[in-house]
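Asker: sequence and predicted structure below; questions after.
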Amino acid sequence: MTPAPTVGIPGALRAVLLRDLRVALRRRADTGSALVFFVIVVSLFPLGVGPQFEMLRRIGPGVVWVAALLASMLAMGRLFADDHADGTLEQMLLSSVPLSLLVLAKTLAHWLSSGLLLVLVSPLLALQFDLGTDAAVVLLLSLLLGTPLLSLIGAIGAALTVGLRGAGVLLSLLVLPLATPVLIFGAGAVEATQAGLGVTAHFSLLGAMLLPALFLAPLAAAAALRISLE
Amino acid sequence: MSDGLELRGLACVRGRRRLFRDLNLRLPPGQLLRVIGPNGAGKTSLLRMLCGLLAPAQGQVLWQGQPLQRVREEFHRQLIYLGHAAALKDDLSPLENLQVALRLGGVAPDDAAALRALADAGLRGREHVPARTLSQGQRRRAALARLPLGQARLWILDEPFNALDTAANTWLLGLIEGHLQRGGLAVLTSHQPVALASTVVQQELTL
């Protein structure tokens, strides 16, 4: 038998990313549930508050952002839980590829199949709150910067709670406090646009949180996974 | 510098129970270590310790004379571990599962080679069905199919013969024998004696 060609770290990461996307695509009911949750929660507010446009415009950005935060947490529990149950997580720990990079690939796949969908559907939801075009665009951009951050922070929580009973609630308790800055600056960006102010400051702050999180969160999650699986 | 795997004064504590202590052993290349013992004796814990998944309460595991934690990446390149779970994604086919598992292990065979390995494992005609439709024995076979394709020198197998039929049993024995003859090492747990050729050196460890 001829020896198989070897593959480096990029090849392994690509394989994990594609695998997770493929699994997400084949389990559309699971993947879609966070999105449906997001749409329903956001839609409840206009129904509850009634057609008071002034009020809706005011609460709109906050409501969409809080719903996005909760929907992200809802989806986050599955990041490592399935892999833990079927044994593939152990195999990732035993790979020669650094675990933090594998966590990053998994988080990216998870964001593409959950967070990105929330981002894409958000302008439609903005209509229910009578947000103008400018505000809707800023909402979309703020979620585009913010949801990856939520996924990265959530990955740490998911790694810490993997294999525990009642992991979902514990995960939210751990992660929601950490995610509040994201919420404040994300929703703040939209409110600033509505008030006619610039959004550069808000976006810069979100970006400034995203970059270190990209680097540090996978390291923390990888360390947490090693402890959780002992 | 010793070649192969070495256990030095290894001890394992799970919860409040001490499962084993003061385990010393050397496994040179070309030899098989069979771990036996009653249920709950710590066989799986020992195997997880040898992989580096579980930190020993005392003592250390050495690979090529170096402590595991210092040569972790190199060691993991040389290791295949198959645990109780078959490590298959239920929604993916055996072929897709095999390709990902191998890439994590640093090899990327083309689909033809992977299909051949699955056929050898007795999964001809089932390469593209979702893994959730496979029987327990077939799942085991799908997991074991990566053994001949990988380049690992050390195989650590937890109850590899479980759920396998006679044909698969013979196939796996052949794989292990070939691996050992090429200078590989294998550690496995099994409640039955492993019927390998008499030229193969087998060590037994009773917990």
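Answerer: Right, received. Where do you want to start?
Asker: beta partners of the residue nearest to residue B:26 when sequence neighbours are not counted?
Answerer: Among residues not flanking residue B:26 along the chain, residue B:6 sits closest, at 5.0 Å (CB to CB, 6 or more residues apart in numbering or on different chains). For glycine as for every other residue, the C-beta is placed from the backbone atoms N, C-alpha and C. Beta-bridge pairing for residue B:6 (DSSP bridges): residue B:26, residue B:62.
Asker: can you report how many residues lie near residue B:6?
Answerer: By other CB atoms under 10 Å in any protein chain shown, 20 other residues sit near residue B:6.
Asker: what of the one 4 residues further on?
Answerer: By other CB under 10 Å, 21 other residues sit near residue B:10.
Asker: cool, residue A:217 as well?
Answerer: 24.
Asker: for residue A:178, see how far away it is.
Answerer: From residue A:217 across to residue A:178, the span is 10 Å (CB to CB, to the nearest Å).
Asker: ditto for residue A:16
Answerer: Taking CB to CB, one finds residue A:16 at 25 Å from residue A:178.
Asker: kindly report the same for residue B:69.
Answerer: 30 Å.
Asker: need the pLDDT of the residue lying closest to residue B:61 once chain neighbours are set aside.
Answerer: Nearest residue to residue B:61, sequence neighbours excluded (CB to CB, 6+ apart): residue B:68, at 4.9 Å. Confidence at residue B:68, expressed as pLDDT, is 88.
Asker: next one: residue A:183
Answerer: You'll see residue A:183 listed with a pLDDT of 94.
Asker: cool, the one 3 residues further on as well?
Answerer: The model reports residue A:186 with a pLDDT of 93.
Asker: ok, whatever residue of chain A ends up closest to chain B - contacts?
Answerer: Closest approach between chain A and chain B, counting by CB to the nearest CB: residue A:87, at 2.9 Å. By CB atoms under 8 Å, 6 or more residues apart in numbering or on different chains, residue A:87 lies in contact with B:83, B:84, B:85, B:86, B:87, B:88.
Asker: among these, which are located in helices?
Answerer: Judged by DSSP state H, helices contain none of these.
Asker: any chance of the residues you listed in JSON lines, plus distance to residue A:170 and pLDDT?
Answerer: JSON lines is the format used below for the contacts of residue A:87 (distance: CB to CB, whole Å; pLDDT from 0 to 100):
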{"residue": "B:83", "distance to residue A:170": "26", "pLDDT": "89"}
{"residue": "B:84", "distance to residue A:170": "26", "pLDDT": "86"}
{"residue": "B:85", "distance to residue A:170": "23", "pLDDT": "86"}
{"residue": "B:86", "distance to residue A:170": "28", "pLDDT": "86"}
{"residue": "B:87", "distance to residue A:170": "26", "pLDDT": "89"}
{"residue": "B:88", "distance to residue A:170": "28", "pLDDT": "91"}
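Asker: drop anything exposed from these.
Answerer: With burial judged by 16 or more other CB atoms under 10 Å in any protein chain shown, the buried subset of the contacts of residue A:87 is B:83, B:85, B:86, B:87, B:88.
Asker: for those, which one is nearest chain A?
Answerer: residue B:85 (2.9 Å).
Asker: which SS class is the residue nearest to the spatial centre of chain A?
Answerer: The centroid of chain A falls nearest to residue A:151 when counting by CA atoms, centre = their mean (3.2 Å). What DSSP: H, G, I helix; E, B strand; the rest coil gives for residue A:151 is helix.
Asker: list the contacts for it?
Answerer: Taking CB under 8 Å, 6+ apart as the test, what residue A:151 contacts is A:72, A:76, A:107, A:110, A:111, A:114, A:115.
Asker: run the last query once more with 6 Å
Answerer: By CB atoms under 6 Å, 6 or more residues apart in numbering or on different chains, the contact list for residue A:151 reads A:107, A:110, A:111, A:115.
Asker: same check, this time on residue A:218
Answerer: By CB under 6 Å, 6+ apart, the contact list for residue A:218 reads A:100, A:103, A:104.
Asker: what's the mean pLDDT across the helix or strand where it lies?
Answerer: Assigned by DSSP states H and E, residue A:218 belongs to helix A:200-228. In this model, helix A:200-228 has a mean pLDDT of 94.
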